[in-house]
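J.: Sequence and predicted model, in that order:
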Amino acid sequence: MTATDTPTVNAALALGDDALILSHRLGEWAGHAPELEEEVALANIALDLLGQARFLLSMAGDEDEMAFLREERSFRNLQLVEQPNGDFAHTIARQLYFSLYQHELHTDLAAGDGPFAGLAAKAVKETAYHRDHAVQWTLRLGDGTEESRRRMRAALDALWKFTGEMFQPVEGLDGIDWAVLEGRWLTALTGVLEQAGLAVPEGPRTGAWAAGAGRQGLHTEPFGRMLAEMQHLHRSHPGASW
Amino acid sequence: MVTGPAGSGSGTATATRLEEELAALAGSVPDPELPVLTLADLGVLRGVRMHEDGHAEVTLTPTYTGCPAVEAMSADIERVLAGHGIPDVRVRTVLSPAWSTDDITAEGRRKLAEFGIAPPRPHAAGGPVPVALSVRCPHCGSTETELLSRFSSTACKALRRCTACREPFDHFKEL
């Protein structure tokens, strides 16, 4: 069930878990978003990610087993995507960091001829909308009120230490130049933050204890509680359907 | 292969008469979320192929990877083809080549506008349309419309408002 036998399965789990976990986090906004349009936007983004996750996890096994019956240590997602929603600025900072990364990565994967090229060619068009959503909110918050700027800056700083992990090479994703990808991500991010009147955070981009650890199955404390909520229905009522 | 651009996995080049008939039937199934459109109008039906063991393989491509309508579409296709004497229908979802709003037929665009949904603008590249091409209000025809949200009632739509007649409306956003 936690087959990581082949490089392709390994990569499918890494990308699929990123999409699944971020989808779940965004889904937690349902009923709590600051305005109706935003609620719909976050749910739409979550749905796109869920679609990607279903396709990717099916490459590794049964999608439901993969999502609902794996233990925490078997998940290969980035620690960034499991971080709690926090205030709205935290959610937007997480979206900004991740959607810029995902868009660049999908662009590269779509240009290749590997097992992820078809999905990436599809997903890159969706992630362009996710990226625009995050960029527009970053501009609004960064260039908004004193309070919105303060919160956006705090969120960017708080999540900064999880961004280095995105560029740890993933076995099974051939033909990706991770250093070049990181350079493009940083350039894109810097452009957005400058336009928003926000500084690029300083400090290390990995915690000394956690460099690349999500991909190895080591997760942060809030992840276990999130998984418990995500999995408990399926585990309590095996085989239940609507 | 009757509908849409050449899809990967649709196999042989020429369709038999039966396959063409079945494709026309499958293509006439209404979209579960936008019942004014057929699957052929939407451009999501990639082809129908009969196999030697008697089962029909239908290839379908989703508009968005997470589109929840795919399951309803598959069930509807199976029911329609079963009614035509094909009991064993297997619907396969393919992602490549990726669906684009450019795959919606001219007839589909006309029906969307009639239904009160602004049709997508044509575009060559992926992602959001960068140029400020105006979106026409499907109610009063004004081009003075504004974006309220890039995300709306379903994954494939954006929410806009007409500044002339003040009505909000859905816009089938470009993908």
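T.: Okay, I see it. Remember, it's a predicted structure, so these values are computed and weren't measured experimentally. Residues are numbered from 1 along each chain as shown, chains lettered A, B, ... in the order given.

J.: Tell me how many other residues crowd residue B:35.
T.: By the measure other C-beta atoms under 10 Å in any protein chain shown, the count of residues near residue B:35 is 9. Quick note: C-beta positions are derived from backbone N, CA and C, even for glycine.

J.: does any bit of the helix ranked longest in chain B sit next to chain A?
T.: Taking DSSP state H as the criterion, chain B has its longest helix at helix B:69-83. No: residues of helix B:69-83 are not located near chain A by C-beta under 8 Å from any C-beta of the partner chain, the shortest gap being 9.2 Å.

J.: need the contact list for the residue nearest to residue A:174 when sequence neighbours are not counted.
T.: Setting aside the residues directly before and after it, residue A:174 is nearest to residue A:114 in space (C-beta to C-beta, 6 or more residues apart in numbering or on different chains), at 5.8 Å. The neighbours of residue A:114, taking C-beta atoms under 8 Å, 6 or more residues apart in numbering or on different chains as the test, are A:173-175.

J.: Next one: the closest residue to residue A:216 other than its chain neighbours relative to residue A:239, how far apart?
T.: For residue A:216, ignoring the flanking residues on the chain, the nearest one in space by C-beta to C-beta, 6+ apart is residue A:76 at 7.9 Å. As defined by C-beta to C-beta, to the nearest Å, residue A:76 lies at a distance of 26 Å from residue A:239.

J.: for residue A:110, same thing?
T.: 37 Å.

J.: From the neighbour counts alone, determine which of the two ranks first.
T.: Taking neighbours as other C-beta under 10 Å, residue A:110 and residue A:239 compare with residue A:110 leading, 22 against 6.

J.: I figured the more buried one was touching residue A:117, is that so?
T.: Yes: using C-beta atoms under 8 Å, residue A:110 is in contact with residue A:117, at 5.8 Å.

J.: what's the overlap in contacts for those two?
T.: With C-beta under 8 Å, 6+ apart as the test, residue A:110 and residue A:117 reach no residue in common.

J.: Does residue B:115 touch residue B:36 like I think?
T.: Yes: in terms of C-beta under 8 Å, residue B:115 counts as a neighbour of residue B:36; the distance is 4.4 Å.

J.: The residue of chain B found nearest chain A in helix, strand or coil?
T.: Chain B approaches chain A most closely through residue B:66 (2.7 Å), counting by C-beta to the nearest C-beta. For residue B:66, the assignment made with DSSP: H, G, I helix; E, B strand; the rest coil gives coil.

J.: and the closest residue to it other than its chain neighbours, what helix or strand is that in?
T.: Spatial nearest neighbour of residue B:66, excluding adjacent residues (C-beta to C-beta, 6+ apart): residue A:51 at 2.7 Å. Under the criterion of DSSP states H and E, residue A:51 resides in helix A:36-60.

J.: angle of that helix against helix B:69-83?
T.: 60 degrees (axes from the mean of the first three to the mean of the last three C-alpha atoms, to 10 degrees).

J.: Would you mind writing the CA trace of the helix or strand following helix A:36-60 as PDB?
T.: Counting by DSSP H and E, the next helix or strand C-terminal to helix A:36-60 is helix A:63-68. Provided in PDB are the C-alpha atoms of helix A:63-68 (Å, rounded to 0.1, in the frame of the first residue of the first chain):
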ATOM      1  CA  GLU A  63      -6.800   6.400  -4.500                       C
ATOM      2  CA  ASP A  64      -9.000   6.000  -1.400                       C
ATOM      3  CA  GLU A  65      -6.500   3.700   0.300                       C
ATOM      4  CA  MET A  66      -3.800   6.100  -0.500                       C
ATOM      5  CA  ALA A  67      -5.600   9.100   0.900                       C
ATOM      6  CA  PHE A  68      -7.400   7.600   3.900                       C
END
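
J.: what about residue B:145, distance to residue B:101?
T.: The gap separating residue B:145 from residue B:101 is 18 Å, by C-beta to C-beta.

J.: hang on, I meant residue B:59
T.: The span separating residue B:59 from residue B:101 equals 19 Å under the rule C-beta to C-beta.

J.: mind listing the strands for chain B?
T.: For chain B, the strands defined by DSSP state E occupy B:45-50, B:56-60, B:89-93, B:117-118, B:145-149, B:157-162, B:168-172.

J.: Any chance of a markdown table for the ones you listed, columns mean neighbour count and distance to residue A:25?
T.: Shown next, in a markdown table, are those (neighbours: other C-beta atoms under 10 Å in any protein chain shown; distance: least, C-beta to C-beta, whole Å):
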| stretch | mean neighbour count | distance to residue A:25 |
| --- | --- | --- |
| strand B:45-50 | 24 | 34 |
| strand B:56-60 | 22 | 30 |
| strand B:89-93 | 17 | 26 |
| strand B:117-118 | 22 | 31 |
| strand B:145-149 | 15 | 20 |
| strand B:157-162 | 21 | 23 |
| strand B:168-172 | 21 | 27 |
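
J.: If anything else comes up later, I'll come back, but that's it for now.
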